[in-house]
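J.: Fold the following, please.
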Amino acid sequence: MEIQFTDHPILVSPSDEEIVALGEIDPKLLIELHEAHEGRIKAAEQEPLKYGFDLEGWGRIRDSLVEYDEVLVLGGNRSGKTTGCAKMVMEAVTNHIDGHIVCFSQNADTSVKVQQASMWEMMPKEFKKKTKSIEGYINFSMQNGFTGSSFIFPDTRTRVDFKTYTQFSNNQTILEGFEFGFKEKSSSNIGAWLDEYLGDETLVNTLRFRLATRDSKMVIGFTPIHGYTPFVADYLRGAETLATREAELLNNRKLPIYQYSPNRDAGVVYLHSDENPFGGYNRIKKDLETSTDEQILCRAYGYPVRSVTSLLPMFNPAVNVLSDRPNKYGMVFPDMSDNTKYTIYQVVDPAGRRNFTAIWAGVSKTGEIYIQKEFPDRDNYGEWAIFGEPKWREGPASKKIGYDVAGYVDLFREIEREEKINPFERIGDCRYFARENENNDDLFTVFADLDMHFIPSSGVQEKEGIIALDQWFDYNPDANIDLVNRPKCYIHESCGNLIDSLINYNANGKSDEALKDFFDLIRYLRTANDGRGPDFVSKEDLTVRKVGSGGY
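T.: Numbering: from 1, shown residues only. Have a look, this model is predicted:
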């Protein structure tokens, strides 16, 4: 009798040689082994909740649920994120009594075809039929999902409701009066599952109050194919990496797979595509062979690299942010203390009722722009802007520290001594610097009286400045970065507030007002010199300028 073992990505089948040898030694044992192998596969298919195979990454989600009330799950393509979350929600349904869970999806179509379908897949076999009783109701079709977009599990009297983000946006009272989760406290006490969440804090904050009574958990899924939202950025900002894993497609570079978010007191879990042996990883790997690192990070490892709302879509921290150590492209931030190699510019925005903001940038002989320093910097003063509900709010760095103009002059000169730089030109916000005080003096005059001379920034419209600024970050992401294919502008990693504004500012009026000051600084720098941007100026150029125009 010929025995065939079904190939399986997790269960290991005996080799042909082992089958022959075992059949000769003990045919009965071979039959039992075959029946066990085939039976295990069939059981996993028919009862994935009880007998299905857990993926490695799902263990990180479970560990995170033990430690934290919220877990953000970021996944690459076909990484098993939705299936894993559905399994944990169904475990909560079947293991606890008298509960209430709410599941959110993007719209009615994805709710039925993705979220509800994944929950039906995890439904225990004995309830995969129309069930109607005093304590339970289950009615499902592949076309319409669960009747009424909900079901009540008979054994535990637990209700699961499926809703959409659009429903909440249209009527934010739909959750009023509900308590989600279970009275029994445990790590599997899940009260809410948000799949592919693209919104802001409004829904999550509402749910937090609905989960608090029963001290239940919230799982938030997100696939960063198009970048990340300010809401997701708030989880990732300052996250502490607890575990890493080698990324095969990135030369075994170590990527985070488990982090702690201090901003949210939450866990952040990354699911890699190659952790799911059922997901067709070899096809994904082949499709990504000629892709950029950025695309690989998103598609295969669920790692977000840019904001979905950014006005500067080509700005990429992995490329444009440099440090004193070589990055993966071999690029480091240069030493700009040699004024024969770099021409230094300072840009200042008085920022009204907040602190003045400033950046210092150098221009190389070949025209690259390197932004070396910011004020107030994040390390010493904290964040300039913090994302809140429903808009960004001013951070600790924006609070007035009591300097007058003389104080700022002393501060700027001290920074320049520490950085060993000597600005060739200083640029001030043309509108605010031109405002006159009670003595009919403007800031250009007051600074000049203290021997610090500013010229006005360009008055071009913000939209024109943004278009021009985007050109500084332009390169072909589908080709290797080299001396020809590379951006023109780079920022030192210490300029955290400037980097934050470039990632998140999207000109939504007052909603993003707190981010605008640092964004304006680099925009003024870009539009200097009649829109051409700052120049490198050699000693010879300076001599010509002095002789020819009496300028500087």
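J.: what residue ranges in the chain score low on pLDDT?
T.: Along the chain, the parts satisfying pLDDT under 70 run over 1, 226, 306-310, 387-391, 477-478, 507-512, 541-552.
J.: per-domain residue ranges of the protein.
T.: With domains defined by automatic domain parsing, the chain comprises 1-46, 51-301, 317-549.
J.: Quick check on the closest residue to T244 other than its chain neighbours: phi, psi?
T.: Excluding the flanking residues, the one nearest T244 by C-beta to C-beta, 6 or more residues apart in numbering is K254, at 4.1 Å. Backbone N, C-alpha and C define where each C-beta goes, glycine included. Backbone torsions for K254, taken as degrees, to the nearest 10, come to phi -80, psi 130.
J.: check contacts around A43.
T.: Going by C-beta atoms under 8 Å, 6 or more residues apart in numbering, A43 touches K50, Y51.
J.: My error: substitute I386 in the last question.
T.: I386 touches W392, R393, E394, G395, A514, counting by C-beta under 8 Å, 6+ apart.
J.: Next: S149.
T.: S111, Q116, D161, F162, K163.
J.: List the buried residues for the host helix or strand of the third one?
T.: Element membership of D161, judged by DSSP states H and E, is strand 158-164. Neighbour-count burial for strand 158-164, with 16 or more other C-beta atoms under 10 Å as criterion, is recorded at T158, R159, V160, D161, F162, K163, T164.
J.: Can you show me the CA trace of it as PDB?
T.: What follows is strand 158-164, C-alpha atoms only, in PDB (Å, rounded to 0.1, in the frame of the first residue of the first chain):
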ATOM      1  CA  THR A 158     -21.300  37.200  24.900                       C
ATOM      2  CA  ARG A 159     -22.300  39.700  22.200                       C
ATOM      3  CA  VAL A 160     -20.000  40.800  19.400                       C
ATOM      4  CA  ASP A 161     -20.900  43.900  17.400                       C
ATOM      5  CA  PHE A 162     -19.300  44.800  14.100                       C
ATOM      6  CA  LYS A 163     -19.200  48.500  13.300                       C
ATOM      7  CA  THR A 164     -17.400  50.800  10.800                       C
END
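J.: packing partners for that strand?
T.: helix 81-95, strand 100-105, strand 150-153 (3 or more C-beta pairs under 8 Å, 6 or more residues apart in numbering; DSSP states H and E).
J.: Pick the most deeply packed of those.
T.: Across those, the average number of neighbours (mean count of other C-beta atoms under 10 Å) peaks for strand 100-105, which reaches a mean of 24.
J.: Quick one: name whatever helix or strand follows that strand.
T.: By DSSP H and E, the next helix or strand past strand 100-105 is helix 108-110.
J.: Could you give the separation of the very next helix or strand once past that next one from the chain centroid?
T.: Using DSSP H and E, the helix or strand that directly follows helix 108-110 along the chain is helix 117-122. On the basis of C-alpha atoms, centre = their mean, to the nearest Å, helix 117-122 is displaced by 28 Å from the centre of the chain it belongs to.
J.: Go through helix 117-122 and flag the buried ones.
T.: Buried-residue list, helix 117-122, by 16+ other C-beta under 10 Å: A117, S118, M119, W120, M122.
J.: R78: which of those is nearest?
T.: S118 (13.4 Å; C-beta to C-beta).
J.: Once you drop chain neighbours, what's closest to that closest one?
T.: Nearest non-adjacent residue to S118 (C-beta to C-beta, 6+ apart): A86, at 3.8 Å.
J.: From the contacts of S149, pick the one nearest Q471.
T.: So of those, ranked by how close each gets to Q471 (C-beta to C-beta), first place is S111, at 41.5 Å.
J.: Start and end of stretch 396-405, how far apart?
T.: Using C-alpha to C-alpha, to the nearest Å, the end-to-end distance of stretch 396-405 comes out at 21 Å.
J.: Show me what that stretch is in contact with.
T.: 351, 353-356, 376-378, 381-385, 411, 443, 446-447, 450, 497, 514, 517.
J.: All the helices of the stretch 401-550 of the chain, in order from the start?
T.: Per DSSP state H, counting those that start in this stretch, the stretch 401-550 of the chain carries helices over the ranges 405-419, 430-433, 443-449, 462-472, 496-504, 516-526, 539-549.
J.: now those helices in a markdown table, with mean neighbour count and distance to Y345?
T.: Below are those laid out as a markdown table (neighbours: other C-beta atoms under 10 Å; distance: least, C-beta to C-beta, whole Å):
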| stretch | mean neighbour count | distance to Y345 |
| --- | --- | --- |
| helix 405-419 | 14 | 12 |
| helix 430-433 | 16 | 15 |
| helix 443-449 | 17 | 15 |
| helix 462-472 | 16 | 14 |
| helix 496-504 | 24 | 14 |
| helix 516-526 | 25 | 6 |
| helix 539-549 | 10 | 14 |
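J.: With distance to D293 as extra columns, can I get those in a markdown table?
T.: As requested, the helices of the stretch 401-550 of the chain are exported to a markdown table (distance: least, C-beta to C-beta, whole Å):
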| stretch | distance to D293 |
| --- | --- |
| helix 405-419 | 31 |
| helix 430-433 | 40 |
| helix 443-449 | 44 |
| helix 462-472 | 20 |
| helix 496-504 | 18 |
| helix 516-526 | 24 |
| helix 539-549 | 38 |
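J.: Mind checking those helices for the one nearest to F178?
T.: Of those, nearest to F178 by C-beta to C-beta is helix 496-504, at 32.3 Å.
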